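# quick one: sequence plus predicted model below, questions after.
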Amino acid sequence: LKPHNNTRSRHYRFRSNLRGVSIDTKRDEIMAMLGTQFTSTQSSKSCSKRRTKGIRFASIFLSCVLLSFFYSRTIKQYVSYTPNSHATVLGSGTKFKGSQFWKKGSTLEVRTLYETAFARAQVHKVQLEDGSTVVNDWLWFDELDHINVLVEKSGKPSLFVVFKQMKYAIEGESLAVVGGMIEPGETALQAAVRELREELNMEADSWVDLGSYRPAANRGGGMTFTFMARGAKNISGEAISNKFELERQDVVYLTREKLLEAVLAGKFKEIKWTATVALALLKFPASTES
């Protein structure tokens, strides 16, 4: 179906399947004759558009499924625990080496947001003491249980061994005591003995348990076990390298008076270090030192 060269005439030439036969007629007549063919062509185009839309929809749907899968692998989904599940953290990759905190009568549900071998961030669903109020977004931060040790060197006069060091969350330098995480299967005292060996290459004649404490009452943070190592002395061999101690540590020796001045002046800039030193000084006042 082609127009004449003289388009103003609005006439078309129709070439049939019969050789040598051509018919000139008006456009409306041709449209009427070929109505069925035009309808078929339009229907074909409509089907093609629908197929295109279907392919687009399928592509978008598949993309959403894939994104949801990768998102679920990154952000942990809700994981419900029973009050007896204190060991392995099911469904969260079991990366965190510590136990799952669960308070009987209060913890209803736990959702893990992110975790490493040493720490884990969660949202807990908590029922309060009144029995009717439920908090759905209680933030909770687990850390491995850890130890802090104030070291008293053997000999007279008494000298206390501490560190001067930098820490990521502390501005400037701070004094610090021996510290470290309790490895799976260790007791707190075993971890304290190991850390003294690793950090100072020393061993102690006696150990004083200063108590265990929760560093953050509403947010977790693991448990801190505090000790005083008395009569500490150097042992043969080199200190064991601790690959997890990334900041610089300089050893400092302080008399009891200088140690008391330092803790009162806020030179131990982490509360757990301050508490360990203060507990040891209170446990053994100057007049009762032996």
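All right, it came through fine. Numbers count the residues shown, from 1 in each chain.
# in the stretch 151-290 of the chain, what residue spans correspond to strands?
All strands of the stretch 151-290 of the chain, identified by DSSP state E, counting those that start in this stretch, fall at 159-166, 173-176, 178-181, 202-203, 206-213, 224-234, 249-254.
# which stretches of this structure have low pLDDT?
Filtered on pLDDT under 70, the chain yields the residue ranges 1-51, 53, 64-94, 237-246, 287-290.
# can you show me the helices along the protein?
Secondary structure of the chain by DSSP state H: the helices cover 27-33, 35-74, 188-200, 256-264, 271-283.
# which strands and helices lie in contact with the last one?
Counting by 3 or more C-beta pairs under 8 Å, 6 or more residues apart in numbering; DSSP states H and E, the packing neighbours recorded for helix 271-283 are strand 146-153, strand 173-176, strand 206-213, strand 224-234, helix 256-264. Any C-beta I mention is one placed from the backbone N, CA and C, and that applies to glycine too.
# report the beta-bridge partners for residue 213.
For residue 213, the beta-bridge partners under DSSP bridges are residue 224.
# residue 263 is in contact with residue 278, isn't it?
Yes - counting by C-beta atoms under 8 Å, residue 263 does reach residue 278; the two are 5.9 Å apart.
# picking that back up, ranking the helices and strands packed on helix 271-283 by burial, who's on top?
strand 146-153 (a mean of 25; mean count of other C-beta atoms under 10 Å).
# which elements pack onto it?
strand 159-166, strand 178-181, helix 188-200, strand 224-234, helix 271-283.
# next up, the contacts around residue 131.
Listed by C-beta atoms under 8 Å, 6 or more residues apart in numbering, residue 131 has no contact partners.
# a markdown table for the strands of the stretch 151-290 of the chain, including distance to residue 127?
As requested, those are arranged in a markdown table below (distance: least, C-beta to C-beta, whole Å):
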| stretch | distance to residue 127 |
| --- | --- |
| strand 159-166 | 42 |
| strand 173-176 | 39 |
| strand 178-181 | 31 |
| strand 202-203 | 47 |
| strand 206-213 | 25 |
| strand 224-234 | 27 |
| strand 249-254 | 44 |
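# residue 134: which of those strands is closest?
Set against residue 134 and scored by C-beta to C-beta, the strands of the stretch 151-290 of the chain come closest in strand 206-213, at 28.0 Å.
# what sits up against that closest one?
Counting by C-beta under 8 Å, 6+ apart, 188-189, 192-193, 223-231, 275-276, 279-280, 283-284 sit against strand 206-213.
# do that again at 7 Å, thanks
Contact partners of strand 206-213, identified using C-beta atoms under 7 Å, 6 or more residues apart in numbering, comprise 189, 192, 223-231, 276, 279-280, 283.
# hey, C-alpha coordinates of it in PDB?
The C-alpha trace of strand 206-213 is given here as PDB (Å, rounded to 0.1, in the frame of the first residue of the first chain):
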ATOM      1  CA  SER A 206      49.600 -14.700  94.900                       C
ATOM      2  CA  TRP A 207      46.400 -13.600  93.300                       C
ATOM      3  CA  VAL A 208      43.600 -11.500  94.900                       C
ATOM      4  CA  ASP A 209      40.100 -11.700  93.500                       C
ATOM      5  CA  LEU A 210      38.600  -8.200  93.500                       C
ATOM      6  CA  GLY A 211      35.200  -9.200  92.100                       C
ATOM      7  CA  SER A 212      33.300  -9.400  88.800                       C
ATOM      8  CA  TYR A 213      31.100  -6.600  87.500                       C
END
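# from residue 155, how far off is residue 270?
Separation of residue 270 from residue 155 (C-beta to C-beta, to the nearest Å): 28 Å.
# give me the more crowded residue out of the two.
Taking other C-beta atoms under 10 Å, residue 270 and residue 155 do not tie; residue 270 has more neighbours (18 against 10).
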